[in-house]
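S.K.: build me a structure from this.
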Amino acid sequence: MKVILQADVEHLGKRGEIVKVADGYARNFLFPKNLALRASAGAVKQIEIQEQKRERERQKRIKELEALAAKLRKTSCTVKARAQEDGQLYGSVGSEQIAAAFGADGIQLAKSAIVLPAPFKALGVYPLDIDLGEGVKTTTTVWIVGE
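M.R.: Model (predicted):
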């Protein structure tokens, strides 16, 4: 039986693909869990329409992320932290503090978008890589200053 996958199914295929499976597998596993539809002409057309809609939404999301990336390139953030006299921090500054600093400036970033090889442990100015998703990446600057 040919079915159209509604979701990614391990060892079978990705969403939107038309695959051939055993009748029992489709009736007993795929259909009850809404993982697949019978591959009729109407269902194929419906899947194509859904995929086109998802692609338009994805393109819109990419444009929004590129605008945010351009804004981040022109912006820097400042994080205040307690430090010793020689500039070493008592703790460290990680992605959570950096995301909060950007949030205070009106730029909402997920802490998972901030790419840090290791937390910052000294005062200074550092380049910061940010991965916004959908292949959109940018670099900005973070200032670590003493309180």
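S.K.: excluding its backbone neighbours, what's nearest residue 84?
M.R.: Spatial nearest neighbour of residue 84, chain neighbours left out: residue 90 (6.9 Å); criterion: Cβ to Cβ, 6 or more residues apart in numbering. Backbone N, C-alpha and C define where each C-beta goes, glycine included.
S.K.: how much space is there between that neighbour and residue 76?
M.R.: Separation of residue 90 from residue 76 (Cβ to Cβ, to the nearest Å) stands at 23 Å.
S.K.: who's more crowded, these two?
M.R.: When neighbours are counted by other Cβ atoms under 10 Å, residue 90 and residue 76 differ, and residue 76 comes out ahead with 17 against 9.
S.K.: what residues are up against the closest residue to that one other than its chain neighbours?
M.R.: Nearest in space to residue 76, with sequence neighbours left out and distances taken as Cβ to Cβ, 6+ apart, is residue 141 at 3.9 Å. For residue 141, the contacting residues are 76, 77, 125, 126, 127, 128, by Cβ atoms under 8 Å, 6 or more residues apart in numbering.
S.K.: cool, and residue 92?
M.R.: 119, 120, 121.
S.K.: just the buried residues out of these, in ChimeraX syntax.
M.R.: Only the buried entries of the contacts of residue 92 go into this ChimeraX selection, using 16 or more other Cβ atoms under 10 Å:
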select :120,121
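S.K.: show me the contacts of residue 92 that map onto strands.
M.R.: If you go by DSSP state E, the contacts of residue 92 have 120, 121 in strands.
S.K.: with pLDDT and distance to residue 15 as extra columns, can I get the contacts of residue 92 in TSV?
M.R.: Shown next, in TSV, are these (pLDDT from 0 to 100; distance: Cβ to Cβ, whole Å):
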residue	pLDDT	distance to residue 15
119	95	37
120	96	40
121	96	43
